[in-house]
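Trainee: Starting from these lines, generate the structure:
(one chain, ligands or ions: 1)
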Amino acid sequence: MFTRAIVRKPDSNFDKGLTTGLLGKPKFDLLLKQHQAYIQTLEKLGLRVTVLDAQPNYPDAYFVEDTAVVTPEVAIITIPGAPARQGEQHSIQLELAKHRPIAHIVDPGRVDGGDVLMVGKHFFIGVSERTNPAGARQLGSILASYGYTWCEVPVGEGLHLKSSINFVGANTLVLTTPFAKLSVFENYTKIVLPEAEAYAANTLWINDTLIIPRGFPQVEKALSQRGLAIIELDVSEMAKMDGGLTCLSLRF
Ligand code: CIR
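Mentor: As a prediction, this is how the structure comes out:
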C-alpha cells in the first residue's frame, strides 16, 4: 500500500520543457487544473500528498518521477538522462531524506525514474535515450542489495519504459504490442493495447485502483471488464509535454 506521494507544481514556463511537440501547444491554465485534479485523486485514494514549489529553472521538474526510485527500504536519487533536467533531483533528495535512507546514481550513470517498473520484488529497468546501461547496472545493484531482482529491457523508440508498459496488479501488465512480444514478460497476464490507444499504457495503479488517462475508450472497456476499479483523469496538457500519469508523482 502506498501512503504518501510527492508532486511538484508546474511553473508557468512549463512549455519550455522537452517535447516532441506532436500533440500541439499546451495551455497553462488547463495544465494547472489537471494537476490539481490529479492531486485530489491521490488524496481520495488515501495518500498524503506533499506539493513542492515550482522550479522556474527546470520547466520539466513537475515530472518528479524521473528524479528518484523509491522502495520501502531506500530512495535512490537519479541523474536524469536529459542534460536540461539534471539538477531537478536535488530538492527531491531533501524531501525523500525525511522518509528513507538515500542512495545515489553516480557518473557516468543516467537513470530516469520513468524507465523503472517495480512488480513485486522485481524491477524492470528500461535502457532508453535517458537511462544508460551504466545507470541501469548501478540501480540494479543497489536494488539487489535490498533483496530485489532486476533485469534490463530495451526501450527502443518510446521515451520511457513506463510510456509503454505498467503493472495493474494480479500479475497483469498493460502494454503495447512490441513489449508484449518480449520474453521477459512471458509469465504475466497481458492486456495488449490497440496502437491508436497506446498512450493509455501510462496508467497508474494505486492501492487497488487504476487511474487511466481520459479519452481511450477501448482501453477503458478492456480494463473495466476485468473488474478493476478505474478512475479516468484528463492529462491532455501533460501529454503535450510527453508526460502522463506516472510521471507526475513519486509514490511510496
Ligand atoms: C521530458 O521529456 O523529460 C519531459 N517533457 C517528460 C517526462 C515524462 N516523464 C515520465 O514519463 N516519467
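Trainee: can you tell me which residues contact the residue in the chain that the ligand sits nearest to?
Mentor: Across the chain, no residue is closer to the ligand than Gly114, which sits at 2.5 Å (Cβ to the nearest ligand atom). C-beta coordinates here come from the backbone N, C-alpha and C atoms, glycine included. By Cβ atoms under 8 Å, 6 or more residues apart in numbering, Gly114 lies in contact with Phe63, Glu65, Asp66, Arg130, Leu159, His160, Leu161, Lys162, Ser163, Thr246, Cys247.
Trainee: By neighbour count, which of those residues wins?
Mentor: Highest neighbour count within the contacts of Gly114: Phe63, with 31 neighbours (other Cβ atoms under 10 Å).
Trainee: from memory it sits against Leu245, does it?
Mentor: No - the pair Phe63 / Leu245 is not scored as a contact, 10.9 Å apart, by Cβ atoms under 8 Å.
Trainee: which of the contacts of Gly114 come close to the ligand?
Mentor: Among these, the residues within reach of the ligand (Cβ under 6 Å from any ligand atom) are Phe63, Glu65, Asp66, Leu159, His160, Ser163, Thr246, Cys247.
Trainee: As TSV, those with secondary structure would be great.
Mentor: TSV is the format used below for the ones next to the ligand among the contacts of Gly114 (DSSP: H, G, I helix; E, B strand; the rest coil):
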residue	secondary structure
Phe63	coil
Glu65	helix
Asp66	helix
Leu159	coil
His160	coil
Ser163	helix
Thr246	helix
Cys247	helix
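Trainee: Going by distance to Glu73, which of these wins?
Mentor: Taking Cβ to Cβ as the measure, Glu73 lies nearest Glu65 of those, at 18.7 Å.
Trainee: dump the residue contacts of Tyr146.
Mentor: By Cβ under 8 Å, 6+ apart, the contact set of Tyr146 is Thr71, Glu73, Val74.
Trainee: In contact with the last one, which residues?
Mentor: This points to Val74. Contacts of Val74 (Cβ under 8 Å, 6+ apart): Arg100, Pro101, Ile102, Ala103, Ile142, Tyr146.
Trainee: Not counting sequence-adjacent ones, nearest residue to the fifth one?
Mentor: With Cβ to Cβ, 6 or more residues apart in numbering as the measure, Ala103 is the residue that lies nearest to Ile142, at 5.0 Å, once sequence neighbours are left out.
Trainee: Wasn't that neighbour part of a helix?
Mentor: No - counting by three-state DSSP, Ala103 is not part of a helix but strand.
Trainee: Surely it and Ile76 touch.
Mentor: Yes - look at Ala103 against Ile76 with Cβ under 8 Å: they come within range, at 4.7 Å.
Trainee: Between those two, tell me which one has more neighbours.
Mentor: Comparing Ala103 with Ile76 by other Cβ under 10 Å, the one with more neighbours is Ile76, at 23 against 19.
Trainee: Pairing partners for the more buried one in the sheet, please.
Mentor: Following DSSP bridges, Ile76 is listed with bridge partners Val69, Ala103.
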